[in-house]
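*Asks:* Let me see the structure of the following:
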Amino acid sequence: MLNFRNITKVFKPEFLSQPFVALDDVSFSIPRGSMVGFLGANGAGKTTSLKILMDFIRPTAGIVEFDPVLGRNRQEINRKIGFLPERPYFYPNLTGRVFLHYMASLSELSDQQFVDGVKRLAPRFKIDHALDRPLKTYSKGMLQRIGFLATVLHDPEFIILDEPLSGLDPIGRKELKDVIIDLHREGKTVFFSTHIVPDVEEICDRVIFLKEGKLIYDGEVKTLLSRDSGDVFLIKVKSENIDLESLEVASVLPLPGGYYSNEVGESAKNEVIQHLLTRNIEVRSIETVKPSLEEIFYQLKGQNV
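*Replies:* Residues are numbered from 1 along each chain as shown. Below you'll find the model as predicted:
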């Protein structure tokens with residue numbers, strides 16, 4: 001859907017100030033039809049990247065290339081993009097319905113398209129009950145919902161979200177994640193930035209890591225998760241007294257039902273299994289210990305891969 005090629009962005013806030021490099025030769029791709037998470041700590045360069053992608057600011061060097069399916073010029077491309085900024089502005093005295101009508105007019109939707117779109121999407125975002133109330137009466141979660149609805153009202157091909165789940169309660173986050181998943185299943189390309197790593201692990205097929213303006217990783221989530229797996233195993237057994245003192249067992253953890261989980265390294269796995277079988281000890285399960293994306297994220301922060 002797009003290629004971010006060798007993007008560098010240098011800010012020079014004052015004449016005598018040291019220039020600040022927000023992005024340093026960053027390149028990544030967003031494949032068509034993918035769901036991509038954009039991770040990085042505050043100040044990593046995520047929002048700067050999105051502003052460049054949206055043409056709100058220009059890069060110091062590098063180019064952004066869009067898939068021709070989005071259009072031949074910036075005006076055509078923008079019509080097929082839905083963008084939700086991290087801190088959208090809402091006119092407090094407008095009702096939700098009037099605000100959505102205004103946003104629809106910016107996308108050149110007809111009145112009938114607006115009516116049909118609101119009728120279809122408002123229940124999906126669970127905001128239909130509040131459309132005729134002023135936006136100043138909306139909670140943080142309700143504003144997030146109305147902003148998200150406005151982002152997709154014109155049925156964009158490419159959806160870009162900057163921290164879309166930030167500040168929501170667990171129920172609100174779950175509901176909006178379900179909407180994101182549904183949009184992706186309908187064939188939309190979704191690219192969203194977040195600092196909540198488990199959200200990316202749960203719903204994304206690709207992930208991009210930035211640290212201090214530099215690219216750390218761009219690729220499939222499953223590849224990243226599988227890269228460091230296989231070194232440690234959990235062996236679940238029925239008995240606690242299995243005489244493993246002489247073997248390389250890292251820890252023994254009691255479990256419900258009288259079972260015990262034993263953490264075993266790769267080098268000792270076969271020896272431990274043989275030890276258990278020769279003593280007729282019931283082995284309930286053997287599974288690989290897989291690191292979470294969050295654990296890998298902190299490991300990658302000082303590495304390039």
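
*Asks:* What segments of the stretch 1-150 of the chain are helices?
*Replies:* 46-53, 74-79, 96-106, 111-121, 140-152 (DSSP state H, counting those that start in this stretch).

*Asks:* buried ones in the fourth one?
*Replies:* For helix 111-121, a neighbour-count test (16 or more other CB atoms under 10 Å) marks F114, G117, V118, L121 as buried. All C-beta spots, glycine's among them, are computed from the backbone N, C-alpha and C.

*Asks:* now it, how far from the chain's geometric center?
*Replies:* Helix 111-121 sits 28 Å away from the centroid of its parent chain (CA atoms, centre = their mean, to the nearest Å).

*Asks:* list the buried ones in stretch 67-86?
*Replies:* D67, L70, G71, I77, N78, K80, I81, G82, F83, L84, P85.

*Asks:* Out of the residues you listed, flag the one nearest to A104.
*Replies:* Nearest to A104 among those is G82, at 12.2 Å by CB to CB.

*Asks:* and the residue lying closest to that closest one once chain neighbours are set aside, what element?
*Replies:* Distances taken as CB to CB, 6 or more residues apart in numbering place P156 nearest to G82, at 3.6 Å, with adjacent residues excluded. Assigned by DSSP states H and E, P156 falls within no helix or strand.

*Asks:* quick one, what contacts P156?
*Replies:* Contact analysis of P156 by CB atoms under 8 Å, 6 or more residues apart in numbering lists R79, K80, I81, G82, K188.

*Asks:* I'd say R79 and G71 touch.
*Replies:* Yes: R79 is in contact with G71 according to CB atoms under 8 Å; the separation is 7.0 Å.

*Asks:* related to what we said a few turns ago, out of the helices of the stretch 1-150 of the chain, nearest to L276?
*Replies:* Nearest to L276, of those and by CB to CB, is helix 46-53 at 48.1 Å.

*Asks:* Which residues does the closest one contact?
*Replies:* With CB under 8 Å, 6+ apart, helix 46-53 has contacts from 2, 4, 7, 9, 22-23, 26, 38-40, 57-59, 64, 83, 85-86, 160, 162, 193, 210.

*Asks:* For the residues you listed, which PyMOL command selects only the ones that are buried?
*Replies:* Applying 16+ other CB under 10 Å to those leaves a buried subset, and the PyMOL line that selects it is:
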select buried, resi 2+4+7+9+22+23+26+38+39+40+59+64+83+85+160+162+193+210
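
*Asks:* can you tell me which of the contacts of helix 46-53 are in strands?
*Replies:* 2, 4, 7, 9, 22-23, 26, 38-39, 64, 83, 160, 162, 193, 210 (DSSP state E).

*Asks:* count of neighbours near E220?
*Replies:* Neighbours of E220 under the rule other CB atoms under 10 Å: 13.

*Asks:* ok, now how distant is it from T137?
*Replies:* To T137, E220 is 43 Å away according to CB to CB, to the nearest Å.

*Asks:* same thing with D111?
*Replies:* 26 Å.

*Asks:* ditto for V272
*Replies:* Taken as CB to CB, the span from V272 to T137 is 62 Å.

*Asks:* got the contacts of P156 as a markdown table, with pLDDT and distance to G33 columns?
*Replies:* Below are these laid out as a markdown table (pLDDT from 0 to 100; distance: CB to CB, whole Å):
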| residue | pLDDT | distance to G33 |
| --- | --- | --- |
| R79 | 90 | 19 |
| K80 | 93 | 14 |
| I81 | 95 | 15 |
| G82 | 95 | 15 |
| K188 | 95 | 8 |
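
*Asks:* And those residues, which two are furthest apart?
*Replies:* Largest separation among these by CB to CB: R79 and K188, giving 14.6 Å.
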